[in-house]
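# Give me a model of this one.
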Amino acid sequence: MQRIELDDQTVESLAAQAGAKGLTIAEYLKTLVGLATNGCAPPASLEELEAELDELVLELPTLPSDFSRADIYNEHD
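Have a look, this model is predicted:
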């Protein structure tokens with residue numbers, strides 16, 4: 001097991017961040033290490049997360065207003 005030394009301010013900050021997510025400091029550090037090794041960082045805020053999710057949304061055509069179950073199963077009669 002590796003050990004690192006952290007100043008009190010860093011420990012308090014990590015404890016607050018972990019507590020906000022309902023995690024222990026050890027669990028929180030494991031998630032941070034996992035994110036770092038996967039090459040991505042957690043979003044800084046809810047707004048940043050929403051912006052990232054908005055980028056993933058595809059522009060898909062909408063279905064016609066008269067679309068029905070028969071349109072789906074018409075070929076299977």
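# As a check, name the ranges of all helices in the chain.
For the chain, helices defined by DSSP state H occupy the ranges 8-20, 25-37, 46-56, 69-73.
# Residues contacting stretch 14-25, please?
Leu6, Val11, Glu27, Tyr28, Leu29, Thr31 (CB atoms under 8 Å, 6 or more residues apart in numbering). Glycine gets a C-beta too; all of them are placed from N, C-alpha and C.
# Can you flag the buried ones in those?
Tyr28 (16 or more other CB atoms under 10 Å).
# any idea how far Leu29 lies from Leu14?
7 Å (CB to CB, to the nearest Å).
# Residues that sit against both of those two, list them.
In contact with both Leu29 and Leu14: no residue, using CB under 8 Å, 6+ apart.
# low-confidence ranges in the chain?
1, 35-44, 76-77 (pLDDT under 70).
# hmm, try it at 80
1-2, 32-45, 48-49, 52-61, 74-77 (pLDDT under 80).
# can you redo the helices of the chain as TSV with distance to Leu63?
Listed next are the helices of the chain as TSV, based on distance: least, CB to CB, whole Å:
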stretch	distance to Leu63
helix 8-20	41
helix 25-37	38
helix 46-56	21
helix 69-73	9
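# So for Thr62, which of those sits nearest?
Closest to Thr62 of the helices of the chain, according to CB to CB: helix 69-73, at 13.9 Å.
# How far does that closest one sit from its chain's centre?
36 Å (CA atoms, centre = their mean, to the nearest Å).
# Pull that helix out as CSV, backbone CA atoms only.
Extracted in CSV, the C-alpha atoms of helix 69-73 (Å, rounded to 0.1, in the frame of the first residue of the first chain):
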residue,chain,number,x,y,z
ARG,A,69,-49.0,0.9,-34.1
ALA,A,70,-50.2,-0.3,-37.6
ASP,A,71,-47.2,1.5,-39.2
ILE,A,72,-44.8,-0.6,-37.1
TYR,A,73,-46.5,-4.0,-37.5
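# Output the contacting helices and strands for it.
Of the remaining helices and strands, none touches helix 69-73 by 3 or more CB pairs under 8 Å, 6 or more residues apart in numbering; DSSP states H and E.
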